[in-house]
Each structure stands twice: as C-alpha cells, then as structure tokens.
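Chemist: A predicted structure for the sequence below; I have some questions about it.
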Amino acid sequence: MTPFDYPYDCDTILQKKRRLRRELLAQEGLIPKKIAILSGSTIGEVKNVLELFLLHHGIAPEFYEGEYARYYENAVFDDGSLRAFAPDIIYVHTTVKNLMGLPCPADTDVQAEEKLAAETLRWQSFWDACLSMDAIVIQNNFEFPNVRVMAALKHLTDADAACAYCAPQRLWRNTRRRIADFLSMISTISRRNWGSTAGSRLPCGMLINMRWIFRQFLRCVPELPISSKAFTEKTKKASPVT
C-alpha cells in the first residue's frame, strides 16, 4: 500500500513530497501532459499535490502557472506565452471571491439581473479564450460566501445559489469542459471537522478531498491504461459522506 492509496497517508505526502516526486519521476512509460493552471487564489500546494497524484497514475505533468489572481488576463489578454505552451488541460482554480459585481440588497430585480448578465458575459469571454486553445477546461464551481449579509432569507439564498452554480454550470454545454466540485469539497471538509479538535488540519483535509478535482484530470487522459470510473467508485466506497 502506497501513500496514494485511499485513505491517503497525508503526513507522508505533505512532509516527503520532494522524495516522493523523485521516486515517481523515475518510473518508465509516463504519459506527458501539459497542464496550465490559471488561478484566482494561491495554488502552490494544490499544484504540488496534484503533480504527485498524476505521477502516481502514470502521467508526467508539465505545468504553466499563471500569475496570482490574473486568471482572466492570462487567458483573454494572453501575451503569447500561454498559447505557445499549448496546454492539453487548463485548470481554473477560482473561488467565490473571484465573482465580480454581485447583486446587493439595495438592487432591484432588474439591476440584479443586469449584474448577473454582465458577470456571465465576462466568464463566457474567459471560457471562449480558453477553448480557443483547443484544451480541455476544468474549473471549480463556487462555494457559498463566508458572510451572507441577509442570513437565510430566501431571496439571498437564491442569489447565493446563483453564485455557486449558474456561471460554472454553463461549462457543461461543451464536451471539452469539466466542473471540479469545489463546493462539495469545502462542505465535506466542514462537516468532518465540525466540533473536532483532532485531524482537522486544513491541508490534510484539502488533500483528502482533492479527489473531486483529480477525477476530472483522469477523465481527460484517454491514454491511461486504468479506468477513471474505477478510481471514482473506489474512492466513493472508501469515503462515505457523513
């Protein structure tokens, strides 16, 4: 059993990632894949852990890292470096903080709809720029905001749901687009750690629940001699939602 078999050996992966990377790179027959990461937040550990899991499954990733919080500019106003990299996969690591011009309580229904339309148009131009590079696009959906200014009132709940689902769900309309279920990942970490003082380190929880993201990468590599469906079913059975 390796540290990459579920349940993962989080301490070994996080503390010995350099040694594990050297050992995994020594494997023969690795499948090269170019992966561009465009981010709206810090991606250091996300990239490091993702690389280890991909290597473990026979994929040798070459990464392009966009500038911090410049995901939109990197794609729409590309200086030529991203297109020259020619990524096979573009992973968009965004959160709810990357939504702009959201409705506020003082807005009328018309104003709220106009803001949603403008934000949708902004994301659509971003997706079009990514897809023009003939790459598969994987993007997080959006978690709920940390602060919900109107608490649980229904009209804000609907707005929160729009933040979490509306824009990224449009990705499903194209076969080269995938959703990484960031919302479920965050909520599962929270449920497991609620009221617990043991084993609640966020890096470990993030690593365990990155399988939601990792599954999408496996589905994008048809050359793999393993079934991504088998990986998905294995982790589902080993990790019942509580």
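Modeler: Ah, there it is.
Chemist: contact partners for residue 55?
Modeler: 21, 24-25, 27, 30, 61 (Cβ atoms under 8 Å, 6 or more residues apart in numbering). Yep, even glycine has a C-beta here, placed from its N, CA and C like the rest.
Chemist: out of these, which are buried?
Modeler: 24, 30, 61 (16 or more other Cβ atoms under 10 Å).
Chemist: where along the protein do the strands fall?
Modeler: Per DSSP state E, the chain carries strands over the ranges 31-39, 59-65, 89-93, 136-140, 177-180.
Chemist: I'd like the average pLDDT over the fourth one.
Modeler: Averaging pLDDT along strand 136-140 yields 88.
Chemist: then the third one?
Modeler: On average, the pLDDT along strand 89-93 is 92.
Chemist: what's it packed up against?
Modeler: Packing partners of strand 89-93 (3 or more Cβ pairs under 8 Å, 6 or more residues apart in numbering; DSSP states H and E): strand 31-39, helix 71-76, strand 136-140, helix 211-219.
Chemist: what's the neighbour count on residue 77?
Modeler: A total of 9 residues lie near residue 77 under the criterion other Cβ atoms under 10 Å.
Chemist: likewise the one 5 residues further on?
Modeler: Residues within reach of residue 82, counting by other Cβ under 10 Å, total 20.
Chemist: from residue 94, how far out is it?
Modeler: Here the criterion is Cβ to Cβ, to the nearest Å. By it, residue 82 lies 16 Å from residue 94.
Chemist: where among the helices and strands packed on strand 89-93 is average confidence lowest?
Modeler: Looking at those, the bottom one is helix 211-219 with a mean of 65.
Chemist: distance of residue 14 from residue 51?
Modeler: 13 Å.
Chemist: neighbour-wise, which of those two wins?
Modeler: The residue with more neighbours, out of residue 14 and residue 51, is residue 51; 21 against 18, by other Cβ under 10 Å.
Chemist: nearest to residue 42 among the buried ones among the contacts of residue 55?
Modeler: Closest approach to residue 42 among the buried ones among the contacts of residue 55 (Cβ to Cβ): residue 61, at 18.6 Å.
Chemist: any idea how far residue 11 is from that closest one?
Modeler: Distance of residue 61 to residue 11, given as Cβ to Cβ: 23 Å.
Chemist: first to last residue in stretch 75-84, what's the distance?
Modeler: When the termini of stretch 75-84 are compared using Cα to Cα, to the nearest Å, they are 12 Å apart.
Chemist: now for the longest helix anywhere in the chain, which elements pack on it?
Modeler: For the chain, the longest helix by residue count, based on DSSP state H, is helix 109-131. Applying 3+ Cβ pairs under 8 Å, 6+ apart, we find helix 109-131 packed against helix 71-76, strand 136-140, helix 167-169.
Chemist: among these, which is nearest residue 40?
Modeler: helix 71-76 (5.3 Å).
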